[in-house]
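K.L.:
Kindly generate the corresponding structure for this input.
(one chain, ligands or ions: 1)
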Amino acid sequence: MTNQLDKLKAENTLKNKAKSSWLTFFYVGTTDDVFSEDVRRVFIINLFASVGVLFTLPLGLVALYERKPILGCFLLLIAFLYTVNHIYLRRTHNHAFSGNFVIYPLYILMIYLVYTGGVKGTGHVWIYCVPAVSLFLHGMKRGLIELSFFTLALIITMFFTNNHFDEFGYDPSLKSRILFSFIVVVFLSGIYEYSMSRFNQELKETSAKLKLVAYRDPVTELLNRRGMLQRLETSSYSSFHLLLADVDFFKRINDEYGHDVGDYTLVELANLIQASLPEKGLASRWGGEEFLIAVCDCSESEAYALAEGIRQRVQQHEFVYLDHRFHMTLSFGVATMNESTPLREAITLADNHLYNAKRAGRNQTRRG
Ligand SMILES: Nc1nc2c(ncn2[C@@H]2O[C@H](COP(=O)(O)OP(=O)(O)OP(=O)(O)O)[C@@H](O)[C@H]2O)c(=O)[nH]1
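P.N.:
Residues are numbered from 1 along each chain as shown. A predicted model of the protein is given here:
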């Protein structure tokens, strides 16, 4: 039984690995934000270019074998261009330029196929992939403009040039059927692209809103505990100072004036703290009436001085809410996070120092 479970687990891990390397190939390593329009375009270009190589390479070889050197070389050139395109995209992630690499050779190839008839007069059957690729790569506006020009080129090639279409014994009405069915595909692809980009936009907005709710405190609009931890844990700084502040006797404000005044006090305190922060300082609402501040690029004494500055500023500030006027004070605990003191340990230290500040009578700053 355990053996079977282990086997199943190993199989799943292998499957996941295969899946992620497959995705990494098409996303060229940019799978972090799959809602991003840029990432979506990179994915589509790569997917299309890869499918393109899969088709143009064997068809090019077949064309060469059937002694159609121009068509064969054209197809092989496209297979080569699409392969180079993947390498270029992988290195630069520049999808705007890379998209042109995919679409313009495709337009030319399609017109060429319609003009010459391709292999045994089947060239025109490939034009239906153009609308989807064009709209995917260039979006609605530019895609539709380019498709109008392409349709015009198609009309000229089919109806006004001495093309090879008639050589294959097709019914003359087939040309107009090809044109109309192509326009229908343009229309359907347009609808699909429009709904996809709207859906994507809404998904992005919802995701941004959810992130805001998940990482921000709605009362003070500061980062909340989760947001602050995420910022600190992913910070590129190997050392910073933590200033943990707790409002003294905050319960009395709620009890005396009500919860609304309590909320107003928290907002006012958040504003005072934000206004006192240095350029690289970060403030958060750590808990009920606790604020955690992080500062870097300064000495421990400077971090202590900052805590004292905020404490004095708050002490001198008069809080006014309707006809209520009152003063508040803060107690601070300061600690430093560095190579020898990891983040969680530094937070605990700051908390201990804050506790000492409270025990020593409040309205003061303590450090190690
Ligand atoms: N208005 C309001 N009150 C809050 C909020 N979050 C926590 N509180 C209140 O904050 C108060 C914290 O009280 P205590 O933990 O006893 O601390 P304190 O009164 O500040 O006293 P010391 O910390 O010991 O100086 C409680 O009454 C909570 O209800 C909030 O979002 N809004």
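
K.L.:
Which strand or helix spans the residue in the stretch 251-368 of the chain that the ligand sits nearest to?
P.N.:
The ligand sits closest to residue 262 of the stretch 251-368 of the chain, with a gap of 2.4 Å, by Cβ to the nearest ligand atom. For glycine as for every other residue, the C-beta is placed from the backbone atoms N, C-alpha and C. According to DSSP states H and E, residue 262 maps onto helix 259-276.

K.L.:
which element follows that helix toward the C-terminus?
P.N.:
With elements assigned by DSSP H and E, the helix or strand that comes after helix 259-276 is strand 282-285.

K.L.:
what pLDDT, on average, does that following strand get?
P.N.:
Strand 282-285 shows a mean pLDDT of 98.

K.L.:
Domains in this structure, by residue range?
P.N.:
Per automatic domain parsing, the domain ranges recorded for the chain read 33-211, 225-367.

K.L.:
could those be laid out in TSV, adding mean neighbour count and distance to residue 217?
P.N.:
Below are those laid out as TSV (neighbours: other Cβ atoms under 10 Å; distance: least, Cβ to Cβ, whole Å):
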stretch	mean neighbour count	distance to residue 217
domain 33-211	16	14
domain 225-367	17	4
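
K.L.:
any idea which of those domains scores lowest on pLDDT?
P.N.:
It's domain 33-211: among the domains of the chain, that one has the lowest mean pLDDT, namely a mean of 88.

K.L.:
Return the residues of the stretch 151-300 of the chain in contact with the ligand.
P.N.:
With Cβ under 6 Å from any ligand atom as the criterion, the stretch 151-300 of the chain meets the ligand at residues 219, 246-251, 254, 259, 262-263, 266, 288-289.

K.L.:
switch to 8 Å and redo it
P.N.:
Neighbours of the ligand within the stretch 151-300 of the chain, by Cβ under 8 Å from any ligand atom: 219, 246-255, 259-263, 265-266, 287-289.

K.L.:
sorry, back to before: who does the helix holding residue 262 touch, helix- and strand-wise?
P.N.:
Counting contacts by 3 or more Cβ pairs under 8 Å, 6 or more residues apart in numbering; DSSP states H and E, helix 259-276 is packed against strand 240-247, helix 250-257, strand 282-285, strand 290-295, helix 300-316, strand 319-321.

K.L.:
any residues touching the fourth one, and which ones?
P.N.:
Outside of strand 290-295, the residues that reach it under the criterion Cβ atoms under 8 Å, 6 or more residues apart in numbering are 222, 225, 228, 231-232, 240-247, 269-270, 273, 277-278, 280-286, 302-303, 306-307, 310, 347, 350.

K.L.:
What sits closest to the closest residue to the ligand within the stretch 101-250 of the chain if chain neighbours are left out?
P.N.:
Closest to the ligand within the stretch 101-250 of the chain is residue 250: 3.3 Å, counting by Cβ to the nearest ligand atom. If the residues on either side of it in the chain are set aside, residue 250 comes closest to residue 289, at 4.1 Å by Cβ to Cβ, 6 or more residues apart in numbering.

K.L.:
Name all residues that make contact with the one you found.
P.N.:
246-247, 250, 266.

K.L.:
again, only using 10 Å
P.N.:
With contact set as Cβ atoms under 10 Å, 6 or more residues apart in numbering, residue 289 has these partners: 245-251, 253-254, 262, 265-266, 269, 328, 330.

K.L.:
same check, this time on residue 156
P.N.:
Taking Cβ under 10 Å, 6+ apart, we find residue 156 in contact with 111, 115, 163.

K.L.:
Inside helices: which ones of those residues?
P.N.:
Of the positions in these, 111, 115 sit in helices, assigned by DSSP state H.

K.L.:
What is the nearest of the contacts of residue 156 to residue 205?
P.N.:
Closest to residue 205 out of the contacts of residue 156 is residue 111 (39.7 Å), distances taken as Cβ to Cβ.

K.L.:
unless I'm mixing things up, the closest one is touching residue 150, no?
P.N.:
Yes - assessed by Cβ atoms under 10 Å, residue 111 is found in contact with residue 150 at 7.8 Å.

K.L.:
what do those two both touch?
P.N.:
Joint contacts of residue 111 and residue 150 (Cβ under 10 Å, 6+ apart) are 127, 130.

K.L.:
hang on, isn't residue 172 packed against residue 166?
P.N.:
Yes - counting by Cβ under 10 Å, residue 172 does reach residue 166; the two are 7.8 Å apart.

K.L.:
contacting residues around the spatially closest residue to residue 254 that is not a sequence neighbour?
P.N.:
In space, and not counting its chain neighbours, residue 254 is closest to residue 262: 4.2 Å by Cβ to Cβ, 6+ apart. When contacts are counted by Cβ under 10 Å, 6+ apart, residue 262 is found next to 219, 247, 250-256, 288-289, 321.

K.L.:
Tell me how far residue 359 lies from residue 289.
P.N.:
To residue 289, residue 359 is 17 Å away according to Cβ to Cβ, to the nearest Å.

K.L.:
so when I look at residue 198, I'm seeing a helix, right?
P.N.:
Yes - Residue 198 forms part of a helix when assessed by DSSP: H, G, I helix; E, B strand; the rest coil.

K.L.:
so what's the nearest residue to residue 309 once chain neighbours are set aside up against?
P.N.:
Residue nearest to residue 309 in three dimensions, not counting chain neighbours: residue 276, with 6.0 Å by Cβ to Cβ, 6+ apart. Taking Cβ under 10 Å, 6+ apart, we find residue 276 in contact with 283, 293, 306-307, 309-314.
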